[in-house]
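> here you go, sequence then predicted model.
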Amino acid sequence: MTPPTIVTTEGAVGLVPDRFHTCWPDARPLLVADRNTWEAAGKAVERAFLQAGQATVEVLLFDEPQQVHADQAHVDAVKQRLGQGDLVAIAVGAGSMNDIVKLASYECGKPYCCVPTAPSVDGYTSPNAPITIQGFKQTIPCTPPLLVVADVTVLRNAPMSMISSGYGDLVAKITGGADWLIADALGVEPVDRKVWDLVQLPLRGRIGSPEALLSRDPVAIDSVFSGLVETGLAMLLFGNSRPASGSEHLLSHVWEMKGLSFDGELVSHGHKVAMGTLITTAMMTRITEIPLEAMVSSWKRNPSISFDAQQVALETCLGEKLDIDMLRIAKEKYLVGAQLQERRDRIASHWLHIQQRLRNQLVAFEELRHMLERAACPVQPGEIGLDRTMVRYGMVKARIIRPRYTVFDLAYECGLLDGLIDEVVDSGRWFASFA
C-alpha cells in the first residue's frame, strides 16, 4: 500500500482544496461529517473549496443527536453517495467517521482524504476499519487515506475528552507491545524490529507530559497526535494492527459490543482502552511475580479437556451462546494433547525470559495509573460504568474475539487465567471502585 501524504500545520483546512486537486485533478469532493465535526472543520473545508472556485461541494452530513457509530448502515450511506461518478470522499472527523469513509471508499474502489478533528485515535493512517456488523465488532482490512490534512489549531481545540482519549489510546501501545513480546518469545508472531522501533522508540517521550494536555499545551497535543500517526503508519507497514493493539484493545472491543456507557454517554474508544491497559498491566505484573514452579504446578492442575467441554464452560461463564465467528476463533486457538504440551514446554523454557521482557516493557502499575489520571483518563472501572461482572465478562471473552495471541492466551494455556481474573477483580490490590 502507498503511504499517505500527511500535511500537519496551522491553518491546514485552507490547504485542503489544493492538496485534494493535486491528488485527484478531475474529482469532486464529497465531505462526510457529523454535526460536531461539521462545526469543528467541515464548514471551513467547504468554504475553502468554494473560495478556490469549486462551483458546488457535495456534503453528506450525519445530523444525528447521538454519537455516530462505525457500523454497516453508515458505511452503506456513504457508498450510496460515492457511487455517483467522479466523487472522492473527505472524512471530516475522528475515529468513527474515518473508519466509515475508509471502508466505504475501499468497497467502492476509490481513494479518500481525511481531515482529522481530534488527536483521539491511531486509526487515521491504519490499513484497517473496525466496524460493527450485526452487533459484532470486526476489524476489516482496507486501504488507508491517500491524503491526511491535519490542522493543528483544530486538533488543539478538540473537546478535552477526545484529547484525553487519544492519550489513552497511545498509552495502550505499552501493553500492546508487551503482548507482541510474549507472542514473539513463544514463536507465535515474531517482532518486526523496524515496525517495533517506529512505535516503541518514541513512545515514552510521546506520553511523557500528560498534565500538559489539560492546559492544551500545543507541544504535548502535537506529540500525542504524532504518536498516533506513527502507530497508524506502523500498522500500514506491518499489514495489520499488531503494532498498535493487544489485550487491552480486545477488552475495549468486548465492552463496545455491549454498548458500554456512563452517565448516558457511550464511553470513548480511548477511555475503554485506557482501562483495558490498566487491567492487562495488572495481569502482566502478576505474571512477572509467579515463580516457574508455581506456573508448572498450575498447568498440572488444569489438564486438557475436549473443545466441546471448553465451549460449554465458556458459554456457562459468559451466560450466552458463542456465535459462529467466536466459535471458529476459539477452536483455532484451542490446543489439546501433544500440541498443548509442546506449547506448555515452550512456555516453561521461556518463562524467565518472558518475565524479564515484561518487566522491561511495562510501566509500573501505580505510575501508569498516575499518568492516566493526570491526562483525565479513567483509572477505576466504575468511572466508565464497569461493574465486576462486566470486567470479568471482558476478560473471559477477549481471548476468543480475535485470533491474536495475548497475555490472555498465555494465562489460559498455563491454567492461570481464572485465578488472575479473580485477583484483578476482587483482591483490592488493583482497583477500588466498580459500578
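Yes, it's here.

> what is the mean pLDDT for stretch 24-32?
Averaged across stretch 24-32, the pLDDT comes to 96.

> so which elements touch the helix or strand encompassing Trp255?
If you go by DSSP states H and E, Trp255 is part of helix 247-257. Applying 3 or more Cβ pairs under 8 Å, 6 or more residues apart in numbering; DSSP states H and E, we find helix 247-257 packed against strand 128-133, strand 136-141, helix 173-185, helix 269-289, helix 388-397, helix 407-413. (Each C-beta comes from the backbone N, C-alpha and C, glycine too.)

> put the alpha carbons of the strand or helix carrying Val425 into CSV.
Assigned by DSSP H and E, Val425 belongs to helix 417-426. The C-alpha trace of helix 417-426 is given here as CSV (Å, rounded to 0.1, in the frame of the first residue of the first chain):
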residue,chain,number,x,y,z
LEU,A,417,-6.4,-17.2,33.8
ASP,A,418,-9.3,-17.8,36.2
GLY,A,419,-7.1,-17.1,39.2
LEU,A,420,-5.7,-13.9,37.6
ILE,A,421,-9.2,-12.7,36.8
ASP,A,422,-10.2,-13.3,40.4
GLU,A,423,-7.2,-11.3,41.7
VAL,A,424,-7.7,-8.4,39.3
VAL,A,425,-11.4,-8.0,40.1
ASP,A,426,-11.6,-9.0,43.8
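
> which elements pack onto it?
In terms of contacts (3+ Cβ pairs under 8 Å, 6+ apart), helix 417-426 is packed against helix 269-289, helix 388-397, helix 407-413.

> picking up where we left off before, buried residues in the helix holding Trp255?
For helix 247-257, a neighbour-count test (16 or more other Cβ atoms under 10 Å) marks 247-256 as buried.

> ok now it, how far from the chain's centre?
8 Å (Cα atoms, centre = their mean, to the nearest Å).

> tell me what angle that helix forms with helix 269-289.
Inter-element angle recorded for helix 247-257 and helix 269-289: 140 degrees (by axes from the mean of the first three to the mean of the last three Cα atoms, to 10 degrees).

> right, and the helix or strand after helix 247-257?
Downstream of helix 247-257, the next assigned helix or strand under DSSP H and E is strand 261-262.

> who does the next helix or strand after that following strand pair up with?
Following strand 261-262 in sequence order, the next helix or strand is strand 265-266 (DSSP H and E). Using DSSP bridges, the strands paired with strand 265-266 are strand 261-262 (antiparallel).

> circling back to that earlier point, lowest average pLDDT across the helices and strands packed on helix 247-257?
strand 136-141 - the lowest mean pLDDT of those, at a mean of 83.

> strand partners (parallel or antiparallel) of whatever helix or strand comes next after that strand?
Using DSSP H and E, the helix or strand that directly follows strand 136-141 along the chain is strand 147-151. Paired with strand 147-151 in the same sheet, following DSSP bridges, are strand 5-9 (parallel), strand 112-116 (parallel).

> ok, which of those strands comes nearest Leu198?
Nearest of the strands paired with strand 147-151 to Leu198, taken as Cβ to Cβ: strand 5-9 at 14.1 Å.

> can you name the element that comes right after the closest one?
helix 16-23.

> buried residues, the helix or strand following that next one. List them.
Using DSSP H and E, the helix or strand that directly follows helix 16-23 along the chain is strand 28-34. For strand 28-34, the neighbour count (16+ other Cβ under 10 Å) marks 28-34 as buried.

> what's the most buried one of the strands paired with strand 147-151?
strand 112-116 (a mean of 29; mean count of other Cβ atoms under 10 Å).

> restricting to C-alpha, output that one in CSV.
Only the C-alpha atoms of strand 112-116 are listed here, as CSV (Å, rounded to 0.1, in the frame of the first residue of the first chain):
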residue,chain,number,x,y,z
TYR,A,112,-10.2,9.2,0.0
CYS,A,113,-8.9,12.1,2.1
CYS,A,114,-9.1,12.5,5.9
VAL,A,115,-9.3,15.8,7.8
PRO,A,116,-8.8,14.8,11.5
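
> quick one, phi psi at Ser245?
The phi and psi values for Ser245, taken as degrees, to the nearest 10, are phi -150, psi 130.

> was I right about it contacting Gly177?
No: Ser245 is beyond contact range of Gly177, at 10.2 Å (criterion: Cβ atoms under 8 Å).

> more neighbours: these two, which one.
More neighbours surround Ser245 than the other of Ser245 and Gly177, with 31 against 22 (other Cβ atoms under 10 Å).

> next, find the distance separating the more buried one from Met326.
As judged by Cβ to Cβ, to the nearest Å, Ser245 and Met326 stand 18 Å apart.

> about what we covered before: got a list of contacts for the helix holding Trp255?
130, 132, 135-137, 172, 175-176, 179, 241, 267, 269, 272-273, 275-277, 279-280, 283, 386, 390, 393-395, 397-399, 401-402, 404, 406-408 (Cβ atoms under 8 Å, 6 or more residues apart in numbering).

> now the angle from it to strand 128-133?
Computed with the same axes, to 10 degrees, the direction of helix 247-257 lies at 30 degrees from that of strand 128-133.

> averaged pLDDT, helix 247-257. What do you get?
Per-residue scores along helix 247-257 average to 95.

> hey, what's the angle from that helix to helix 173-185? Just curious.
Going by the same axes, to 10 degrees, helix 247-257 makes 120 degrees with helix 173-185.
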